[in-house]
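S.K.: quick check, what structure comes out for this input:
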Amino acid sequence: MDDASPPPLLIRNARVLTLAGEGPRRGAAMSNLAVLDEADVLVRNGLIDQISEKLDPAGANVIEANGRVLMPAFVDAHTHACWAGERLDEWDMKRRGASYLELLKAGGGIMSTVRAVRAASEDELFDGIMNRLDWMLRGGTTAVEIKSGYGLTTADELKMLRAIARAGDAWAGFVSPTACIGHAIDREQDGFVDRTIHETLPAVHAEFPGITIDGYCEDGAWSLEETVRLFEAAAALGHPLRIHADQFNSLGMTSAAIGLGARSVDHLEASSEEDLRRLATSNTFGVMLPCSGFHTDGRYGDGRRFIDAGGKLVIATNVNPGSAPCSSTPMAIALAVRHLGISAAEAICACTANAAALMGLSDGGSIAVGMRADLLMLRWRDERELGHTFGGDPVDAVICKGRVIRQSD
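M.R.: Below is the predicted model of the structure:
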């Protein structure tokens, strides 16, 4: 990519959701978007340079907001955007009554994508990632976490991670890779769990030291005991931890993850009231994925209870070919407001400032002097429309690292 700095850019007369402040927001603070009702934002050398009224710098390109909402670009902190193949036949089976867990236990679901990924080249995986990232960028997402997990052999997991790393180097935005090596159980490999822990994990550690390690603790996938073994081995090597837990069944992984110091527990649809409370009072983020509930079984995490208990909530798309074929953060926000019991302001915080904090993106997720100029402008003058209006395209302009990626006429 061309690293030359773009010319100065002035966004004039905007309603600015700054989300400025220290650290991730939790509890009641998630409703405070630190709004400036009318302000100009000057971008220089890819960073926020000034935020004030009636700025008039010489030589700047100007976007006239006319009171529209300017906010931090979306941060999608849980995706499986590296895959091959499709799952349309399984979708037809689901429509005829097969459950997600039934498909998984029958060798479908994640395993059908595993077979397609193993047959794909690294270049094919890279091309697929780039296509999806470009769709997401046009929709206002400038930072994305991408997991491996559809390889389930050492060679294929490394192939996925290399493709993800290449995409991070090539894309305009920011990519955070995650090694989801505990995503499913390959029952055709003898001793699969031990092989993952003693072969795949060390190989990932050697090539990608410090990368986050993830797994899926669920009936038909990794058991509680197996997941804890993987995580203890990963933590001993210095890797941060994230975990898929409580999607369909509460198996005790949320409590174990807190004890292991995991950065996040993701899904939480089946979490008990006590586990949500413990998670909310810990240092671990709770990540809820409403697109999955919408597409799979109509169940959603209790975002209202989690925030009211003081939790650090993140909302993400979980875009993947099976349980959440949706890369739209605005759609995730609309679903979160309807089904997680949270406000539009809380949902916006959950996919900007809090998502950036989860991903360790210290210069993203808010609008403040010195922060990276990753911004989007809505076509509305009231941000609550993000929770109210669904479908279509709510974004009038996208700015990534100070460059205008798209702008409506």
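S.K.: would Ile197 count as being in a helix?
M.R.: Yes. The assignment for Ile197 by DSSP: H, G, I helix; E, B strand; the rest coil puts it in a helix.
S.K.: and the nearest residue to Leu361 once chain neighbours are set aside, which of the three is it?
M.R.: With CB to CB, 6 or more residues apart in numbering as the criterion, Leu361 has its nearest non-adjacent residue at 5.7 Å, and that residue is Ala143. All C-beta atoms are positioned from the backbone trio N, CA, C, and that covers glycine. Classification of Ala143 by three-state DSSP places it in strand.
S.K.: and the gap between Ala143 and Glu102?
M.R.: Distance of Ala143 to Glu102, computed by CB to CB, to the nearest Å: 35 Å.
S.K.: pick out whichever of these two has more residues nearby.
M.R.: Per other CB atoms under 10 Å, whichever of Ala143 and Glu102 has more neighbours is Ala143, with 25 against 14.
S.K.: and Ala347, how far is that from Arg384?
M.R.: From Ala347 to Arg384 the distance is 10 Å (CB to CB).
S.K.: what about Gly261, how many neighbours?
M.R.: Neighbour tally, Gly261, other CB under 10 Å: 13.
S.K.: that one contacts Gly238, doesn't it?
M.R.: No. Gly261 lies out of contact with Gly238 (CB atoms under 8 Å); the separation is 12.0 Å.
S.K.: Ala353 is in contact with Glu22, isn't it?
M.R.: No. The criterion here is CB under 8 Å, and Ala353 misses it with Glu22 at 10.4 Å.
S.K.: which one of these two has more residues nearby?
M.R.: Shown here are Ala353 and Glu22; by other CB under 10 Å, Ala353 has more neighbours (29 against 5).
S.K.: quick one, what contacts the more buried one?
M.R.: Counting by CB atoms under 8 Å, 6 or more residues apart in numbering, Ala353 touches 19, 21, 24-25, 72, 365-366.
S.K.: what's the closest of those to Asn249?
M.R.: Proximity of those to Asn249, judged by CB to CB, is greatest for Pro24, which lies at 28.1 Å.
S.K.: how near is the closest one to Asp123?
M.R.: Taken as CB to CB, the span from Pro24 to Asp123 is 37 Å.
S.K.: could I get the average pLDDT for the helix or strand that contains Thr254?
M.R.: Per DSSP states H and E: Thr254 is located in helix 253-259. In this model, helix 253-259 has a mean pLDDT of 98.
S.K.: can I get the next helix or strand after it as PDB, trimmed to CA atoms?
M.R.: With elements assigned by DSSP H and E, the helix or strand that comes after helix 253-259 is strand 264-267. Output of strand 264-267 as PDB, limited to C-alpha atoms (Å, rounded to 0.1, in the frame of the first residue of the first chain):
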ATOM      1  CA  SER A 264     -13.100 -12.200  26.400                       C
ATOM      2  CA  VAL A 265     -15.800 -14.800  26.500                       C
ATOM      3  CA  ASP A 266     -17.900 -14.700  23.300                       C
ATOM      4  CA  HIS A 267     -21.500 -15.800  22.600                       C
END
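S.K.: so what strands line up beside strand 264-267?
M.R.: strand 242-245 (parallel), strand 285-288 (parallel) (DSSP bridges).
S.K.: out of those strands, nearest to Gln189?
M.R.: strand 242-245 (20.3 Å).
S.K.: how far away from the center of its chain is that closest one?
M.R.: On the basis of CA atoms, centre = their mean, to the nearest Å, strand 242-245 sits 13 Å off its chain's mean C-alpha point.
S.K.: pull out the buried residues from that strand.
M.R.: 242-245 (16 or more other CB atoms under 10 Å).
S.K.: please, where are all the helices along the stretch 1-150 of the chain?
M.R.: For the stretch 1-150 of the chain, the helices defined by DSSP state H, counting those that start in this stretch cover 88-95, 100-105, 110-119, 122-138.
S.K.: need the contact list for the spatially closest residue to Cys351 that is not a sequence neighbour.
M.R.: Closest residue to Cys351 apart from its sequence neighbours, by CB to CB, 6+ apart: Ile315 at 4.7 Å. Ile315 sits next to 287-290, 303, 329, 332-333, 336, 340, 347, 350-351, 355 when contact means CB under 8 Å, 6+ apart.
S.K.: from those residues, which is closest to Ile405?
M.R.: Thr329 (15.0 Å).
S.K.: contacts only, for the nearest residue to that closest one once chain neighbours are set aside.
M.R.: Once flanking residues are discounted, Thr329 sits nearest to Phe74: 4.1 Å by CB to CB, 6+ apart. Under the criterion of CB under 8 Å, 6+ apart, the neighbours of Phe74 are 139-143, 329, 351-352, 355, 376.
S.K.: do the same with Ala28
M.R.: Per CB under 8 Å, 6+ apart, neighbours of Ala28: Ile307.
S.K.: going forward can the numbers begin at 638, since that is how I track them
M.R.: Happy to do that; since the first residue is 638 now, the last one works out to Ala665.
S.K.: any idea how far Val830 is from it?
M.R.: 42 Å.
S.K.: next one: Ile952
M.R.: From Ile952 to Val830 the distance is 31 Å (CB to CB).
S.K.: list the contacts of the residue nearest the centre of the chain.
M.R.: Nearest to the mean C-alpha position of the chain, by CA atoms, centre = their mean, lies Ala714 at 2.0 Å. By CB under 8 Å, 6+ apart, the contact set of Ala714 is 782, 813, 901, 924, 951, 953, 988, 992-993, 995-996.
S.K.: go on, Lys949?
M.R.: Here Lys949 is in contact with 661-663, 917, 921-923, 991, 994-995 (criterion: CB under 8 Å, 6+ apart).
S.K.: do that again at 7 Å, thanks
M.R.: By CB atoms under 7 Å, 6 or more residues apart in numbering, the residues touching Lys949 are 661, 663, 922-923, 991.
S.K.: which one of Ala984 and Arg1021 has more residues nearby?
M.R.: Ala984 (28 against 14).
S.K.: and the more buried one, what element?
M.R.: helix 981-987.
S.K.: same check on Ser813?
M.R.: Residue-wise, Ser813 maps onto strand 811-819 under DSSP H and E.
S.K.: what's in contact with that strand?
M.R.: Residues outside strand 811-819 that contact it (CB under 7 Å, 6+ apart) are 779-786, 794, 798, 801-802, 804-805, 833, 837-838, 841, 845, 848-853, 859, 864, 867, 879, 996, 998, 1001.
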